[in-house]
Every structure is written in structure tokens, then in C-alpha cells.
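Visitor: only geometry, no sequence info:
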């Protein structure tokens, strides 16, 4: 990503810093009075070729707008800026935010949003809807953030994200497999997801105890043809709420929690109308099954 003898354009970065060297990164942090905070899930990717592959996979067009979450000290930010894109980075760590301003503040295509991205993204998205999303996502917020963006209809043409391997497995899981969950349905409802590369703990500084997985997420081209009923996402979560229960029992619980009278009868009627066997479990249903059931519930007003 950043060569040891290269200084990012227009920045004050020490040209001797080596993003591939834990020792150099540690020295930079100490010199600037910074520390790695475990609560923020901070881990730097120290493999140059991996960083290049991740940025290239985004396939960003010059002039396009993109978000980067978890920029750290900017090892990938500089390449994103060099692509000619308008880059908005989200950073929760105040010390890192100050360094990013020092490094890239003079760049016209750079903007930083400081604070918790879970709280700051809605306002930023309201100001301008970006085309791309890039991030080495902190393990503790990855699934929550992606879920919030999808349910908030904050959609991107293409995303490249690095997450904990277990999270990636849930994202790409198929019906009937071990890792298939409500999160799998959520992600596949709007994106076509493909694994990009696996990154061992040793690929990062400090090294996490688990492996990471990078994935690409491309916006589905058929979304306009299948607008999701308002009940779709609550339905997906509800049917997975108790994995050992049948879809009938979980649907009864969901409808009852929404104050629906005769919830058992309405649940059975909706399942029959959607062509779903009531004694199935949620992990056997595919995206189309959830869509049909949500549509039936909306059309028959059986959810209210």
C-alpha cells in the first residue's frame, strides 16, 4: 500500500514510517503519544500486497464518493485518495483523527467524521449518498454496522470489507448450512457477496486471536423490481429469534408481540398462502421465501 520510501501527497507523514513493520508503527505511536485501544478493535493490516488487493477490488471510479471506516493511520486511505475519489473517513479515536487531519487535511478530496460511526453515519448519509464503502471493520461492530446500513436503506454500489472470519461466514452462508442466520438473509437481500481473501492473525498489528476474511459486496441489480415490504426485516429477525422453533411458532410469537389477534390462525394462513411448510425452521428458508411471506402478511394486514 504505502512504500517505506514514499510520502503521501500533501501530507506531513514521516517518509521513514513503514506500514508493514510492527516496530515502525509502534515507534510512530509512541512518538505521537498514541495507543492502540482494544475497545475500538484497532488492528493494522501490515501486508502491502493484501492492502493493494483490497483497494483494487473496490474498483472505484475517479470522482466517485466513498466511505472508509476504520482508517487507522491511513495506510489505505492514501491509495483511496490517489484513486481520485472523494473520500470520507470515519474514525472514533481522537488521537488517530488528529493524525489523519495532519496527514491528509490538505487534500481537497478528503473529509473526516470523528466519533462513533454507528451514531454519525445517518447524518452524513443524509448530506451525501456515497457510491462505495471500504473498511477494515472493528470486530465488535462489523455486523451491527452493516445491518444498520442495510436496514436504514444506506446502500452502496460496491463494498469491500474485512471482518472477523465468523462474521464473513454468516454473510455468505446459504440456506440449510451451519452459519445461515438472519444476518445472512439481511446481507443477501441487497448485495451479492463473494469471499475475497482470508487474512491470518499475523497479517495484523497487533495480531488478533482470530482470522479475518475480506469480502466484496455488489449491489443487486434487481432491487427495483422487488421492493421489500416494511415487515420484511422484522420478519426475518423474528423467524430466527428461536432457532429450535418452527417458523409457525416463531411467526405466532412475532404476530402476538405486535398485538395481532388470533395470531395462530393468521400465522398458519400466511404460511400456507406463501407456500411455506409450517413445521420448517427458518434456516431452511431462502430469500424468496421470506419475501413472499412478508408480502402476504402486508397484503392481508395479518401483521397488525
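Guide: Received, thanks. It should be emphasised that the depicted structure is a prediction, and the values quoted were computed from it without experimental measurement.
Visitor: Check which helices and strands the longest helix along the chain sits against.
Guide: Secondary structure of the chain per DSSP state H: the longest helix is helix 287-300. With contacts defined as 3 or more Cβ pairs under 8 Å, 6 or more residues apart in numbering; DSSP states H and E, helix 287-300 has these neighbours: helix 182-188, helix 232-239, helix 263-274. The way it works is simple: take the backbone N, C-alpha and C, and place the C-beta from them, glycine included.
Visitor: and the shortest one, which residues are buried?
Guide: Read it as helix 182-188. 182-188 (16 or more other Cβ atoms under 10 Å).
Visitor: that older thread, quick one: the helices and strands packed on helix 287-300 as a markdown table, columns for mean pLDDT too.
Guide: Formatted as a markdown table, these follow (pLDDT from 0 to 100):
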| stretch | mean pLDDT |
| --- | --- |
| helix 182-188 | 97 |
| helix 232-239 | 96 |
| helix 263-274 | 96 |
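Visitor: And the residue most central in space within the chain, its phi and psi?
Guide: Nearest to the mean C-alpha position of the chain, by Cα atoms, centre = their mean, lies residue 146 at 3.4 Å. Backbone geometry at residue 146, expressed as degrees, to the nearest 10, gives phi -60, psi -40.
Visitor: Then residue 221?
Guide: Dihedral angles (degrees, to the nearest 10) for residue 221: phi -80, psi -10.
Visitor: Could you measure from it over to residue 174?
Guide: Computed as Cβ to Cβ, to the nearest Å, the residue 221 to residue 174 distance reads 20 Å.
Visitor: more neighbours, the two?
Guide: Shown here are residue 221 and residue 174; by other Cβ atoms under 10 Å, residue 174 has more neighbours (11 against 8).
Visitor: one step back: what residues of the longest helix of the chain count as buried?
Guide: 287, 289-298.
Visitor: chain center to it: distance?
Guide: Helix 287-300 sits 25 Å away from the centroid of its parent chain (Cα atoms, centre = their mean, to the nearest Å).
Visitor: Can I get the buried residues of helix 287-300 in TSV including distance to residue 76?
Guide: Shown next, in TSV, are these (distance: Cβ to Cβ, whole Å):
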residue	distance to residue 76
287	32
289	38
290	35
291	36
292	41
293	41
294	38
295	41
296	45
297	43
298	42
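Visitor: Phi and psi next, for the residue of the chain most remote from its centre.
Guide: The outermost residue of the chain, judged against the average C-alpha position, is residue 262 (38.3 Å), by Cα atoms, centre = their mean. When read as degrees, to the nearest 10, the backbone of residue 262 gives phi 50, psi 50.
Visitor: Per-residue pLDDT of it, please?
Guide: For residue 262, the model assigns a pLDDT of 93.
Visitor: Give me the buried positions along the helix or strand containing residue 196.
Guide: Taking DSSP states H and E as the definition, residue 196 sits inside strand 191-199. Applying a neighbour-count criterion of 16+ other Cβ under 10 Å, one finds 191, 193, 196, 199 buried in strand 191-199.
Visitor: Show me what that strand is packed up against.
Guide: Packing contacts for strand 191-199, counted by 3+ Cβ pairs under 8 Å, 6+ apart, involve helix 48-58, strand 158-164, helix 165-172, strand 212-219.
Visitor: So which of those is nearest residue 274?
Guide: Closest approach to residue 274 among the helices and strands packed on strand 191-199 is made by helix 165-172 (24.4 Å; Cβ to Cβ).
Visitor: hmm, who's touching that closest one?
Guide: The contact list for helix 165-172 (Cβ atoms under 8 Å, 6 or more residues apart in numbering) reads 139, 142-143, 146, 163, 179-181, 183-184, 187, 193-195, 198, 210-215, 217.
Visitor: Tell me how far it lies from the chain's centre.
Guide: 11 Å.
Visitor: Repeat that for stretch 140-155.
Guide: 6 Å.
Visitor: Quick check: the residue nearest to residue 116 when sequence neighbours are not counted vs residue 282, distance?
Guide: Leaving aside its chain neighbours, residue 116 sits nearest to residue 92 (5.4 Å; criterion: Cβ to Cβ, 6 or more residues apart in numbering). According to Cβ to Cβ, residue 92 stands 34 Å off from residue 282.
Visitor: And residue 94, by the same measure?
Guide: On the measure of Cβ to Cβ, residue 94 and residue 282 end up 42 Å apart.
Visitor: more crowded one of those two?
Guide: Counted by other Cβ under 10 Å, residue 94 and residue 282 do not tie: residue 282 has more neighbours, with 26 against 11.
Visitor: what's the neighbour count on residue 30?
Guide: The tally of other residues near residue 30 (other Cβ under 10 Å) stands at 10.
Visitor: which helices and strands sit right next to whatever helix or strand it lives in?
Guide: Per DSSP H and E, residue 30 falls inside helix 22-31. Here helix 22-31 touches strand 204-205, going by 3+ Cβ pairs under 8 Å, 6+ apart.
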